[in-house]
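Novice: sequence-free structure coming up:
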């Protein structure tokens with residue numbers, strides 16, 4: 001490198017320049033090196049290590065000495081003081097400065113001195129010989145070193161003091177649910193948290209979940225705070241000085257630790273779901289009177305329970321509104337489809353009445369009646385109109401009732417004791433399916449809002465010709481019972497009126513319960529005596545069993561096939577042994593015990609009933625096939641009655657009767673030849689009827 005090369009000005013301003021040391025002045029070089037080694041004692045604790053850098057200078061003799069003579073010269077490589085000062089905090093703020101020797105390269109790089117460029121260092125202004133120059137150097141270094149040592153000493157003392165003072169405290173900058181507790185002792189921090197956060201335990205927690213805004217009470221959800229665990233999350237005071245310094249200028253949020261009673265929290269989450277979850281509301285059209293209103297579609301939503309619960313446990317005490325996650329359920333009908341249905345169907349449908357022309361009369365469907373019958377259903381992303389035909393008929397049917405005629409079956413009546421056929425009548429009824437088929441298209445129109453009713457003939461189920469061909473010409477079975485009380489007589493008369501004239505077609509089955517339907521006060525029945533659990537009682541329709549027994553014996557002797565009956569639990573003396581029946585219904589009219597028979601002949605059967613205040617007679621008319629004989633066997637397996645106390649209220653005393661078993665045989669003979677067609681045996685077991693004793697009440701009512 002040329003001798004007159006100079007460092008850049010910016011670098012030279014940060015470099016202390018020492019005078020060159022002559023190569024032949026060994027004594028002075030030694031003295032200079034010795035004095036340089038005598039650094040001020042004050043700088044020992046805060047020394048500075050001079051390391052090689054890119055901006056180093058090599059000390060060379062004033063004259064141009066060849067580079068090969070470099071080892072014999074007193075050269076020194078010195079890095080700029082300020083540019084190469086490195087403070088390493090992890091080394092406890094100390095720096096080491098190696099002794100400077102006259103012939104030493106300080107922190108010489110890996111390559112040799114001969115490879116380094118040299119440069120002569122000019123003496124400091126006003127400097128004398130080499131000894132005076134080194135003294136000036138150390139004087140210039142001593143003050144910065146002393147200042148640095150003082151600063152590091154103060155910082156070290158402050159660090160140690162801060163460690164001692166804050167030991168065991170919550171680290172600085174810690175914030176819990178918006179409450180600053182950094183730098184406080186654990187007891188002080190817990191007290192502050194309790195003072196500022198515990199009042200929130202009594203306040204509702206507001207939340208938003210999709211389209212729902214509401215609140216819940218922490219106590220109802222079983223939520224409470226664990227203060228020691230919360231502060232434990234904050235950790236201990238950091239030892240790292242930089243972390244401790246940064247804590248003066250930043251905050252660290254620590255989450256509260258929540259405890260929850262599992263059952264209460266589960267119930268609270270279920271309650272939230274009831275409020276938050278809802279199915280999608282599809283777009284629709286509804287009517288307020290005759291005014292159509294659009295129902296805009298609304299997506300459904302469902303609470304994400306697991307995520308919401310975790311969020312509640314973490315953030316409920318923060319005093320802020322929670323945003324709970326929900327899953328959306330989209331609708332299938334867009335708003336455009338709703339508006340199209342409103343515009344194209346609903347609005348014109350109620351714009352005016354619809355006239356229905358019938359045979360000799362017209363009916364009018366008002367806009368209100370149309371609105372009541374018109375609905376819309378979602379299909380393939382559209383609203384499809386639906387018409388409730390029943391409501392349309394309810395609206396216009398009364399106007400056209402006079403144009404219709406109900407069909408009437410042929411009936412068998414008994415005038416003068418003989419059956420007579422009352423002719424049938426065909427019906428003339430509107431075919432509503434056909435009539436109302438074009439209604440939807442008519443409703444979309446503003447004009448020509450008219451329909452024409454179509455009719456169809458409704459033949460009677462039993463025509464006059466069919467009735468005459470039934471072969472109902474003679475009595476084929478008859479039976480009479482009597483001895484009923486007046487209240488039972490009312491019910492027997494009422495059921496006889498309902499059954500009288502009934503026709504049983506060949507192959508059909510007649511059911512007493514099915515024919516009469518419910519036997520209640522609305523149908524004219526009254527409370528009367530019954531047998532309940534083997535003891536006398538009372539119920540609406542009581543006494544019907546006597547009519548059932550009479551009907552059973554009538555079809556028994558007519559040769560009809562029994563389709564099901566049941567005897568009483570104990571024997572009633574006014575009925576034949578083994579040939580009697582009872583019936584029973586629930587209060588709603590449903591059948592429990594029924595009586596029924598099947599007409600297994602080739603001709604029809606008509607039932608005639610004859611009631612008097614003292615007895616009831618049932619006759620079956622048809623074409624006689626059999627002569628019927630009843631053979632009753634002897635009583636067997638006799639069981640004597642027991643004596644029991646009757647109920648305290650409504651007690652009916654009874655002398656009782658023995659129980660027994662009996663067999664009845666029905667013999668059917670051909671009416672023409674007298675030959676036995678078949679014999680039918682039926683064995684019946686009757687329970688003993690207990691003797692009931694009613695206790696008298698004394699005068700005090702006990």
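Specialist: All right, it came through fine. Small disclaimer: the values here were computed from a predicted structure and weren't measured.

Novice: burial check on the closest residue to residue 621 other than its chain neighbours, number of neighbours?
Specialist: Once flanking residues are discounted, residue 621 sits nearest to residue 606: 4.4 Å by C-beta to C-beta, 6 or more residues apart in numbering. Bear in mind the C-beta positions are built from the backbone N, C-alpha and C, glycine included. Using other C-beta atoms under 10 Å, residue 606 is surrounded by 24 other residues.

Novice: so what sits opposite residue 606 in the bridge?
Specialist: Under DSSP bridges, the beta-bridge partners of residue 606 are residue 503, residue 621.

Novice: tell me the pLDDT of it.
Specialist: Among the per-residue scores, residue 606 shows a pLDDT of 94.

Novice: what sits against it?
Specialist: 412, 419, 470, 472, 501-504, 620-622 (C-beta atoms under 8 Å, 6 or more residues apart in numbering).

Novice: try 6 Å
Specialist: Listed by C-beta atoms under 6 Å, 6 or more residues apart in numbering, the contact partners of residue 606 are 412, 419, 472, 503, 621.

Novice: what's the mean pLDDT across the helix or strand containing residue 195?
Specialist: Residue 195 belongs to helix 186-197 when assigned by DSSP states H and E. For helix 186-197, mean pLDDT rounds to 80.

Novice: again with stretch 466-479
Specialist: Stretch 466-479 shows a mean pLDDT of 92.

Novice: sort out which residues of that stretch are buried, please.
Specialist: 466-467, 470-472, 475-479 (16 or more other C-beta atoms under 10 Å).

Novice: quick check: buried residues in stretch 612-621?
Specialist: Across stretch 612-621, burial judged by 16+ other C-beta under 10 Å covers 615-621.

Novice: any chance you could list what contacts it?
Specialist: Residues contacting stretch 612-621 (C-beta under 6 Å, 6+ apart): 419, 472, 475-480, 482, 492, 547, 550-551, 554, 558, 605-606, 608-610.

Novice: just give me how far it sits from the chain centre.
Specialist: Relative to the centre of its chain, stretch 612-621 is centred 63 Å away, using C-alpha atoms, centre = their mean, to the nearest Å.

Novice: next secondary structure element downstream of the helix or strand hosting residue 428?
Specialist: Element membership of residue 428 [criterion: DSSP H and E] is strand 427-430. Later in the chain than strand 427-430, the nearest helix or strand by DSSP H and E is helix 432-435.

Novice: quick one: buried residues of that next one?
Specialist: Buried residues in helix 432-435, defined by neighbour count with 16+ other C-beta under 10 Å: 432, 435.

Novice: if I look at residue 422, how far off is residue 460?
Specialist: Residue 422 sits 11 Å away from residue 460, going by C-beta to C-beta, to the nearest Å.

Novice: then residue 607?
Specialist: Distance of residue 607 to residue 460, given as C-beta to C-beta: 19 Å.

Novice: higher neighbour count, these two?
Specialist: Relative neighbour count places residue 607 above the other of residue 607 and residue 460, with 24 against 18, counting by other C-beta under 10 Å.

Novice: for the closest residue to residue 386 other than its chain neighbours, give me the pLDDT.
Specialist: Distances taken as C-beta to C-beta, 6+ apart place residue 375 nearest to residue 386, at 4.9 Å, with adjacent residues excluded. With respect to pLDDT, residue 375 scores 96.

Novice: checking residue 375 next. Helix, strand or coil?
Specialist: The three-state label given to residue 375 by DSSP: H, G, I helix; E, B strand; the rest coil is strand.

Novice: neighbours around it, how many?
Specialist: Residue 375: 17 surrounding residues under other C-beta under 10 Å.

Novice: kindly report the same for residue 430.
Specialist: Applying other C-beta under 10 Å, we find 23 residues neighbouring residue 430.

Novice: need the contact list for it.
Specialist: Counting by C-beta under 6 Å, 6+ apart, residue 430 touches 453, 455.

Novice: likewise residue 376?
Specialist: Residues in contact with residue 376 (C-beta under 6 Å, 6+ apart) are 284-285, 341, 383, 385.

Novice: which of these ranks first by neighbour count?
Specialist: residue 383 (26 neighbours).

Novice: now do the phi/psi pair for the residue lying closest to residue 305 once chain neighbours are set aside.
Specialist: Leaving aside its chain neighbours, residue 305 sits nearest to residue 269 (5.6 Å; criterion: C-beta to C-beta, 6+ apart). In terms of degrees, to the nearest 10, the main-chain angles of residue 269 are phi -70, psi -40.

Novice: and residue 269, how far from residue 676?
Specialist: From residue 269 to residue 676 the distance is 81 Å (C-beta to C-beta).

Novice: out of these two, which sits in the busier spot?
Specialist: Of the pair residue 269 and residue 676, residue 269 is the one with more neighbours under other C-beta under 10 Å, namely 17 against 13.

Novice: all strands for the stretch 501-650 of the chain, in order.
Specialist: Assigned by DSSP state E, counting those that start in this stretch, the stretch 501-650 of the chain shows strands spanning 503-504, 509-511, 527-532, 535-540, 561-564, 584-585, 591-593, 596-598, 605-611, 615-622, 626-632, 636-639, 643-645.

Novice: can you tell which of those is closest to residue 576?
Specialist: strand 626-632 (7.1 Å; C-beta to C-beta).

Novice: what's in contact with the closest one?
Specialist: By C-beta under 6 Å, 6+ apart, strand 626-632 touches 557, 559, 577, 664-665, 667-669, 671.

Novice: recalculate using a threshold of 8 Å.
Specialist: By C-beta under 8 Å, 6+ apart, the residues outside strand 626-632 that reach it are 477, 556-559, 576-579, 662-671, 674, 677.

Novice: what strands flank it, and is each parallel or antiparallel?
Specialist: Next to strand 626-632 in the sheet, as set by DSSP bridges, lie strand 659-670 (antiparallel).

Novice: centre of the chain to the strand it pairs with, how far?
Specialist: The answer for strand 659-670 is 65 Å, by C-alpha atoms, centre = their mean.

Novice: next helix or strand past that strand?
Specialist: The element immediately downstream of strand 659-670 (helix or strand, assigned by DSSP H and E) is strand 676-686.

Novice: give the buried residues for that following strand.
Specialist: 684, 686.

Novice: who does it pair up with?
Specialist: Using DSSP bridges, the strands paired with strand 676-686 are strand 659-670 (antiparallel).

Novice: what bridges to residue 365?
Specialist: Going by DSSP bridges, residue 365 is paired in beta bridges with residue 354.

Novice: what about it, how many neighbours?
Specialist: 23.

Novice: what's the answer for residue 443, then?
Specialist: Residue 443 has 22 neighbours, counted by other C-beta under 10 Å.

Novice: per-residue pLDDT, the residue nearest to it when sequence neighbours are not counted?
Specialist: What sits nearest to residue 443 in space, not counting adjacent residues and going by C-beta to C-beta, 6+ apart, is residue 349, at 4.0 Å. What the model reports for residue 349 is a pLDDT of 96.

Novice: so who does residue 349 touch?
Specialist: For residue 349, the contact set (C-beta under 8 Å, 6+ apart) comprises 292, 370-371, 374, 385, 443-444.
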